[in-house]
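Peer 1: Need a 3D model of the following:
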Amino acid sequence: MANSILGDGSKRPAPPAPQVNRPFLVKLAVGSVVGLVLLLLGALELRDYIKEAPLREAVAAKNNEALIVNAQAALRDMASAEAGFSSKATNRRYGTLQELAGQGYLDRKYLDQVDGYSYRSTEATEVYFRIEAIPADPANPSFYINHSMVGHYLNGDPCF
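Peer 2: Numbering: from 1, shown residues only. Next comes the predicted model:
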């Protein structure tokens, strides 16, 4: 830049050329490229996650189906245990889950939650029993089985 003339006729020296901080510019450029690469990788991951959603849903549905089938099988086992318990001459009635497990007619694991379902005896008399399977996930159905040995949804509709 040329020297400028001041009002008194003297010359002002030209300002020094700006200093370029090259290390800073290099770091800025590298940081921008790294940020862009990370953004693209994130977009690719999101794309893959979205593409795999139907597969994840199918696997989840299959897992829920397996839990439901296991719960129905467990209720059948419990009904068989009730039949064995009540046929014993000293019992002459149906038993609670605790009684069935205590006398060896039923695996004690059913006193706790098993495969996403909890089981409870709601009635156990001389002529009637009812055992319910309640899911931990409210999206899964609840069931019961009684002395008829037919499984039902909680609304009473037969299901197995």
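Peer 1: Please make it C-alpha for all contacts and neighbour counts, starting now.
Peer 2: OK.
Peer 1: Helices along the chain, start to end?
Peer 2: Here the chain has its helices, by DSSP state H, at 22-51, 53-87, 97-102.
Peer 1: Dump the shortest one to PDB, keeping only the CA atoms.
Peer 2: Written as PDB, here are the backbone C-alpha positions of helix 97-102 (Å, rounded to 0.1, in the frame of the first residue of the first chain):
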ATOM      1  CA  LEU A  97     -49.100 -71.900  43.700                       C
ATOM      2  CA  GLN A  98     -47.100 -71.800  47.000                       C
ATOM      3  CA  GLU A  99     -48.700 -75.200  48.100                       C
ATOM      4  CA  LEU A 100     -48.100 -76.800  44.700                       C
ATOM      5  CA  ALA A 101     -44.400 -75.700  44.800                       C
ATOM      6  CA  GLY A 102     -44.100 -76.600  48.500                       C
END
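Peer 1: okay if I get the helices of the chain as TSV plus mean neighbour count, distance to His152 and mean pLDDT?
Peer 2: Output for the helices of the chain, formatted as TSV (neighbours: other CA atoms under 10 Å; distance: least, CA to CA, whole Å; pLDDT from 0 to 100):
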stretch	mean neighbour count	distance to His152	mean pLDDT
helix 22-51	12	38	72
helix 53-87	17	10	81
helix 97-102	17	18	95
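Peer 1: what about the ones you listed, which gets the closest to Phe160?
Peer 2: helix 53-87 (7.4 Å; CA to CA).
Peer 1: ok, back up a step: nearest to Val127, out of the helices of the chain?
Peer 2: Of all these, helix 53-87 comes closest under CA to CA, at 9.3 Å.
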